[in-house]
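Novice: sharing a model that was predicted from the sequence below.
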Amino acid sequence: MAIDIGGTKIAGALVHADGTMSATTRRPTPRGTDGEAVMAAVAEVVADLARSPLWPSAVRCGIGSAGPVDTSRGTVSPVNIGAWREFPVLDRVVAELERHGARLPTVLAGDGVAMTAAEHWLGAARGHANALCMVVSTGVGGGLILNNQLHPGPTGNAGHIGHISVAFDGEPCACGGRGCVESLASGTAIARRALDQGWTPAEGADRSAAGVAAAAAAGDPVALAAFDRAGRALAAAIAATATLVETDIVVIGGGVAAAGDTLLGPIRAHLASYATLSFVQGLQVVPATLGTHAGLIGAAASAAMLLGAEA
């Protein structure tokens, strides 16, 4: 059983051993400050799944959630769900499962970790024993596969590459640090940089990173420079991570990664300046392949990898 909790939707599915899904369902994530309203939507998703004739055959449950998360406590404080701060989502979901007659081992994973589990199981990192997977979107997150095992760390935040500092004198980051990758390479940062440097979108045109990507694809020099700067920041952090733990592939997903080679090209080019040691020179950088399915597949994959296939 998989539950995917994000800022715009809460989705659920029963996920089979081959990655196919049944009984898929979703609810919009309620807006506002009522945390119980958000939980009610999660409960509705669980109730929908419980109506499936396959419900009794579920053996484990994975919850993937926007973060920050603290898997040691089973709590989440999603940036994009303001009503939840240190919300005990793990215990509350377990209670909902039991209300519908399912006593299942259940695990919580952050969305970056879930995406990593998904891409290793069925996506671009399949067959790689050591991988870094990243989400480049409004923020920058990620996760690690080490020796074919998902490595979330004690609180579920290992691999959170967005808050590696790559600019010693860089601008302050929302996390309290300085020069973080996220402050240089997120979609928000790319759009801000382009606008600050004089990029002027056409009247009514998209002013977000997607608009900057379109301008870059059309050859706009300011837009290209904004993506090059983001690519350099990502390359520095990727090289540092690969040097530390010896990954051989980097999988990049998320909304900004939809720009394709506009983002991946600068990353690959700048890696040559940062990944210089022999054991990281062959590092591959590839796009994620699972797209919108990564959340649910990742929640299920996280449960299988963290709880064990026998659970």
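Specialist: Great, that's in hand. Just so it is clear, the structure is predicted and the values come from calculations on it, not from any experiment.

Novice: give me the most central residue, the chain.
Specialist: Against the mean C-alpha coordinate of the chain, by Cα atoms, centre = their mean, the closest residue is residue 112 at 3.0 Å.

Novice: per-residue pLDDT, that residue?
Specialist: pLDDT, residue 112: 93.

Novice: now the one 10 residues further on
Specialist: Note on residue 122: pLDDT of 97.

Novice: and the residue lying closest to it once chain neighbours are set aside, what does it touch?
Specialist: Once flanking residues are discounted, residue 122 sits nearest to residue 19: 4.8 Å by Cβ to Cβ, 6 or more residues apart in numbering. Bear in mind the C-beta positions are built from the backbone N, C-alpha and C, glycine included. By Cβ atoms under 8 Å, 6 or more residues apart in numbering, the residues touching residue 19 are 121, 122, 297, 300.

Novice: ok, residue 104 next?
Specialist: 1, 58, 59, 60, 61, 94, 97.

Novice: now the closest residue in space to the first one that isn't next to it in sequence: phi and psi?
Specialist: The shortest distance from residue 1 to any residue other than its chain neighbours is 4.2 Å, reached at residue 61 (Cβ to Cβ, 6+ apart). Dihedral angles phi and psi of residue 61 (degrees, to the nearest 10) take the values phi -130, psi 130.

Novice: swap in residue 283?
Specialist: Per-residue torsions, residue 283: phi -60, psi 130 (degrees, to the nearest 10).

Novice: how close does residue 186 sit to residue 204?
Specialist: 24 Å (Cβ to Cβ, to the nearest Å).

Novice: and for residue 172?
Specialist: With Cβ to Cβ as the criterion, residue 172 and residue 204 are 33 Å apart.

Novice: neighbour count winner among the two?
Specialist: More crowded of residue 172 and residue 204, by other Cβ atoms under 10 Å: residue 172, with 11 against 6.

Novice: got the phi and psi for the residue lying closest to that one once chain neighbours are set aside?
Specialist: Excluding the flanking residues, the one nearest residue 172 by Cβ to Cβ, 6+ apart is residue 178, at 5.5 Å. Phi and psi for residue 178, reported as degrees, to the nearest 10, are phi -140, psi 140.

Novice: need the pLDDT of residue 178.
Specialist: Residue 178 carries a pLDDT value of 94.

Novice: how about residue 310?
Specialist: 41.

Novice: just the element for residue 134, please.
Specialist: strand 131-136 (DSSP states H and E).

Novice: avg pLDDT for whatever helix or strand comes next after that strand?
Specialist: Downstream of strand 131-136, the next assigned helix or strand under DSSP H and E is strand 140-146. Strand 140-146 carries an average pLDDT of 96.

Novice: dump strand 140-146 to CSV, keeping only the CA atoms.
Specialist: Taking C-alpha atoms only, strand 140-146 is exported to CSV below (Å, rounded to 0.1, in the frame of the first residue of the first chain):
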residue,chain,number,x,y,z
VAL,A,140,16.3,20.7,-4.1
GLY,A,141,16.2,17.4,-2.4
GLY,A,142,17.5,13.9,-2.9
GLY,A,143,18.3,10.5,-1.5
LEU,A,144,21.0,7.8,-1.6
ILE,A,145,21.3,4.2,-2.6
LEU,A,146,24.5,2.6,-1.1
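
Novice: need the next SSE after it, C-terminal direction.
Specialist: For strand 140-146, the following helix or strand on the C-terminal side (DSSP H and E) is strand 149-150.

Novice: quick one, helices of the stretch 101-250 of the chain?
Specialist: Applying DSSP state H, counting those that start in this stretch to the stretch 101-250 of the chain gives helices spanning 111-122, 181-185, 187-196, 209-217, 221-245.

Novice: how long is stretch 150-158 from one end to the other?
Specialist: This stretch, stretch 150-158, spans 10 Å end to end (Cα to Cα, to the nearest Å).

Novice: cool, and stretch 210-228?
Specialist: Stretch 210-228 end-to-end distance (Cα to Cα) = 15 Å.

Novice: report the buried residues of it.
Specialist: Neighbour-count burial for stretch 210-228 flags 210-216, 220, 222-228 (criterion: 16 or more other Cβ atoms under 10 Å).

Novice: list of residues touching stretch 257-269?
Specialist: 136, 209-210, 213, 216-217, 224, 227-228, 230-232, 234-235, 238, 252, 256, 285-288.
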